[in-house]
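Participant: the following comprises the amino acid sequence and a computationally predicted model.
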Amino acid sequence: MDTPDFVIEIFLQPGEIYWGDSDTRIKTLLGSCVALCIWHPTKKIGGMSHSLLPARGGSEPSGEKTARYIDESMEIFLEAIRNSGSKASEFHVKMFGGGDMFKNVWKKTGPSVGERNIEMAKELIAKHGFQLKAEHVGGEGHRNIIFDLWSGDVWLKHADKK
């Protein structure tokens, strides 16, 4: 599909989320964070989240939902999907990130933050009936992501840690 004449470009910082339509391009840079790119192939709507952690910790005060957490990002997406008159099963999801940024820095005592983020995202994608169409997760290094809502295409540049 051709690029629209007018394009809104959004750059997501960690903990941000954006929902838009067919004139939108969303970009972000990921390390251990996970980005979910959600797109409706007919309506040409969707969004991207840039989440740092799987869920809010028990000691953190509850409050307004935030994209800092994967579970709360999913709730925000589900609300946008309901408001669009659609169902989660109609949307394609592409998932990126969850890299191990500190593999040789700290002694590993369990799953890394990236691994926990990937696990939570996959659980929620399956639970809500989304169609997982692509993923590039785990490993080392960072990822640059560009998501075009007019086509559903996601462009990835992965810089592996050496």
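Facilitator: Right, received. Where do you want to start?
Participant: for Ile26, give me its contacts.
Facilitator: Contact analysis of Ile26 by Cβ atoms under 8 Å, 6 or more residues apart in numbering lists 9-12, 18, 20, 37, 47-48, 146-147, 149. C-betas here are computed from N, CA, C, even on glycine.
Participant: can you give me the helices in this protein?
Facilitator: According to DSSP state H, the chain carries its helices in the segments 70-83, 113-127.
Participant: got JSON lines for these, with mean neighbour count and distance to Phe96 too?
Facilitator: Shown next, in JSON lines, are the helices of the chain (neighbours: other Cβ atoms under 10 Å; distance: least, Cβ to Cβ, whole Å):
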{"stretch": "helix 70-83", "mean neighbour count": "18", "distance to Phe96": "13"}
{"stretch": "helix 113-127", "mean neighbour count": "19", "distance to Phe96": "10"}
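Participant: of the ones you listed, give the one that comes closest to His136.
Facilitator: Distances from His136 to each of the helices of the chain were compared using Cβ to Cβ; the shortest belongs to helix 113-127, at 10.8 Å.
Participant: which other helices and strands contact the closest one?
Facilitator: Contacts defined by 3 or more Cβ pairs under 8 Å, 6 or more residues apart in numbering; DSSP states H and E place helix 113-127 against strand 34-40, helix 70-83, strand 92-97, strand 131-137.
Participant: reformat the ones you listed as CSV; add distance to Trp155 and mean pLDDT.
Facilitator: CSV is the format used below for those (distance: least, Cβ to Cβ, whole Å; pLDDT from 0 to 100):
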stretch, distance to Trp155, mean pLDDT
strand 34-40, 11, 98
helix 70-83, 21, 97
strand 92-97, 11, 98
strand 131-137, 11, 96
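Participant: adding distance to Ser112, write those out as JSON lines.
Facilitator: Conversion of the helices and strands packed on helix 113-127 to JSON lines gives the following (distance: least, Cβ to Cβ, whole Å):
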{"stretch": "strand 34-40", "distance to Ser112": "12"}
{"stretch": "helix 70-83", "distance to Ser112": "15"}
{"stretch": "strand 92-97", "distance to Ser112": "12"}
{"stretch": "strand 131-137", "distance to Ser112": "12"}
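Participant: of all these, which one is nearest Pro54?
Facilitator: Where the helices and strands packed on helix 113-127 are weighed against each other on Cβ to Cβ, the nearest is helix 70-83, at 5.2 Å.
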